[in-house]
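1. got a predicted structure plus its sequence, pasted below:
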Amino acid sequence: MTRLEKKERFTSGHRACGGCGLALGARLAMKAVDDNSIATCATGCLEVTSSPYPQSSWKIPWLHSLFENSAAVAGGVEAALRAKGKQDINVVAQGGDGGTVDIGMRSLSGMLERGHDVAYICYDNEAYMNTGIQRSGSTPMNASTTTSPAGEESFGNENRKKNALKIAAAHNIPYVASASVAYPDDLIEKVKKANEINGPTYVQIHTPCPTGWGHEGDITVKLARLAVETGLWVLYEREEGEIKDVKKIKDRKPVEEYLKPQKRFKHLFKKEGGEERIQEIQEIADSNAEKFHLDEE
Amino acid sequence: MSNQEEVMEGSHAVAHAIKGADPEVIAAYPITPQTHIVEKLSQFVADGELDSEYVKVESEFSAMSSCVGSSATGARTYTATSSQGLLLMNEVLYNASGLRLPIVMGVANRALGAPINIWNDHSDSIGVRDAGWIQLYAETNQEALDMSIQAYEIAENQDVMLPTMVCMDGYILTHTYEPVSIPEREEIQDFLSPYEPEHKLDPENPETFGTVGFPRDYTEFRYQQFDAMDNATDVIKQVFDEYSDKFGREQRGLIEEYRTEDADIVLISLGSIMGVVKETVDSLREEGKKIGAIKVRAFRPSPAQELIEAIKGSDVIAVLDKNVSIGKKGALFTELKDELYSSDVNPLAKNFIVGLGGRDVPEDSVKKIAKKAEKAKEHGRVKKEIEFIDLKEVYDND
């Protein structure tokens, strides 16, 4: 691993939970942007924990407007910079999975389609964590959340996780990438690239949430790595439409290893019929492996 | 003054004003009857006559969101909308004001659905009166043009820093041709102070915008907004005066009085309806009636104090509202009446709901209103405070 830049643009003192994957993701992502940047941020954990008036964790100019408009606000910032001839300034838009793939999808789509020179970063912790762990379109299948709880008649979330990376790619933008807090070099490399490329880019970072997923704060990175090692979260880049640099997996692990330490999946190991549900999740991983040729010979 | 006089529709008059104000960013989404404003601006940009970044957003929600980003970056910003579009922006409207961003927006006033209706009333802008925006209402195309310029000087004043709506009646003004005098670009630029906000998104001086306001601080944020709107009263008067002096207009004050001297009955309203109201006053004056009218130019900040001064000595006020709060009354009426309670001015007050969804308000209808006001004066009391004018007979309005 390369030595990380010492400089923090998302500084300590914020109010995120211990072991917060999102805070780690933001810290790394902000190492990948330079000081000559402006960031927008959707309402959510990142915004709430980093900007309690009169305090701020942000060392670059930062604007939070609303939940569902981070991309549109960033587009406005970028347009203003163009008008002022200051295109050298980078614009980074940020949002959680809810603010990105659900309520913010319209404004994200518009921003990507119009070709703004904005790098959009989605911190994906797979549910509405800030409001108390409700299901989002990014919640994985069979995960228990407060609005898709496991119960006598339920195995939790009934739907497959929305593929926002593919939706972003459908806008014919120059760069789309998935990243994980377990692979900091890769994450920083990707956010850097997203920033350097002229035009709209999209990076989705997988960020475990100890509070929402129900795991100890000291295994955040381990879990993020397991998501990749099981094939449930695939690390790849899509440049000019072409999938590139898929992170190959040697000895892909069974999904149980990823699911087991998380309370949101614990019903799958207790409830009758849980095994089939685990198998369903395994099939998702297998299908990813096939699509992306994940398995290293 | 080298004002050139041209005949054009209201939308284009506004577009010419905005061209002169030279916003750095325009972010807009089309909606009837606002479209001609943004089409004309697009053409100006396409022809190289206007050097603005025009962001062709995918919704009004993103239009106002992009305006927030642009204005926060220190760029003069413009958008325009109408009706449903204004409602779709609603959440962002409050945000823009809370962030104290002096965005200027043209509103082509149009009714709200259901039933869907593309014609004029004031339900849209009145519906967002609490969003923390200054609201100016134009009677004529000339006024809409002038207000679109004045709006920047008001909004960007350091003691104000509030977004501003310039409201003009859909179709009645936007699509109607009238002669207008268009100031030269240089004159507009000379009139407007440069937009140099104290706080903006700037990597050389990184600041955090849009923080969480806890109960400990939230009230003070709101108070500052309230105070700024209060400051806007004087700033508007000053800007109107300066503009009138420079460009040879007579657009002074938050309200305009029309033949109110010695008037027993005063008709009060806002927007284009004032044309027919003034004409009605003229013809009734010819009949010897002591009647006058007041036009409200600014609805936010509240014109109530000026209104109270102006109606001193009158016996009956008749407020014509092109909006109605379902379950209550018209907005101008309720707000004015509220202020009367703690004043020593106490005329009889009647509210008339007129012109909803584009229903025409001819002179006969205004005469009907005047007659009802006269009757109240004769009886010395108001039997019914709110009346829908020209309601079909099948409905019992009494």
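-> Sure thing, it's come through. Remember, it's a predicted structure, so these values are computed and weren't measured experimentally.
2. got the contact list for residue 58?
-> Just going to use chain A. Residues in contact with residue A:58 (Cβ atoms under 8 Å, 6 or more residues apart in numbering or on different chains) are A:9-11, A:39, A:50-51, B:206, B:208. Quick note: C-beta positions are derived from backbone N, CA and C, even for glycine.
3. wrong one, I was asking about chain B
-> Residue B:58 is in contact with A:106-107, A:109-110, A:113, B:29, counting by Cβ under 8 Å, 6+ apart.
4. how far away is it from residue B:118?
-> 21 Å (Cβ to Cβ, to the nearest Å).
5. who's residue B:169 bridged to?
-> Residues in a beta bridge with residue B:169, per DSSP bridges, are residue B:109.
6. pretty sure it sits against residue B:109.
-> Yes: using Cβ atoms under 8 Å, residue B:169 is in contact with residue B:109, at 5.2 Å.
7. please name the nearest non-neighbouring residue to whichever residue of chain A sits closest to chain B.
-> Nearest residue of chain A to chain B: residue A:76, at 2.7 Å (Cβ to the nearest Cβ). Spatial nearest neighbour of residue A:76, chain neighbours left out: residue B:69 (2.7 Å); criterion: Cβ to Cβ, 6 or more residues apart in numbering or on different chains.
8. dump the residue contacts of the one you found.
-> Residue B:69 sits next to A:40, A:63, A:65, A:72-80 when contact means Cβ under 8 Å, 6+ apart.
9. just the strands in the stretch 251-398 of chain B please.
-> B:255-258, B:265-269, B:291-296, B:298-300, B:316-321, B:348-353, B:386-388 (DSSP state E, counting those that start in this stretch).
10. including mean pLDDT, could those strands go into JSON lines?
-> Below are the strands of the stretch 251-398 of chain B laid out as JSON lines (pLDDT from 0 to 100):
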{"stretch": "strand B:255-258", "mean pLDDT": "98"}
{"stretch": "strand B:265-269", "mean pLDDT": "98"}
{"stretch": "strand B:291-296", "mean pLDDT": "98"}
{"stretch": "strand B:298-300", "mean pLDDT": "98"}
{"stretch": "strand B:316-321", "mean pLDDT": "98"}
{"stretch": "strand B:348-353", "mean pLDDT": "98"}
{"stretch": "strand B:386-388", "mean pLDDT": "97"}
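11. contact residues of the stretch 51-200 of chain B facing chain A?
-> By Cβ under 8 Å from any Cβ of the partner chain, the residues of the stretch 51-200 of chain B that approach chain A are B:51-53, B:55-59, B:61-62, B:65-75, B:77, B:91-92, B:95, B:99.
12. what are the boundaries of the helices in the chain?
-> Just going to use chain A. A:21-32, A:45-50, A:70-83, A:97, A:105-114, A:164-169, A:184-196, A:220-229, A:255-259, A:267-270, A:274-292 (DSSP state H).
13. meant chain B, my bad for not saying
-> Using DSSP H, the helices of chain B run over B:10-21, B:35-46, B:60-72, B:83-88, B:90-98, B:123-127, B:141-155, B:185-191, B:215-247, B:274-286, B:304-311, B:331-341, B:363-379.
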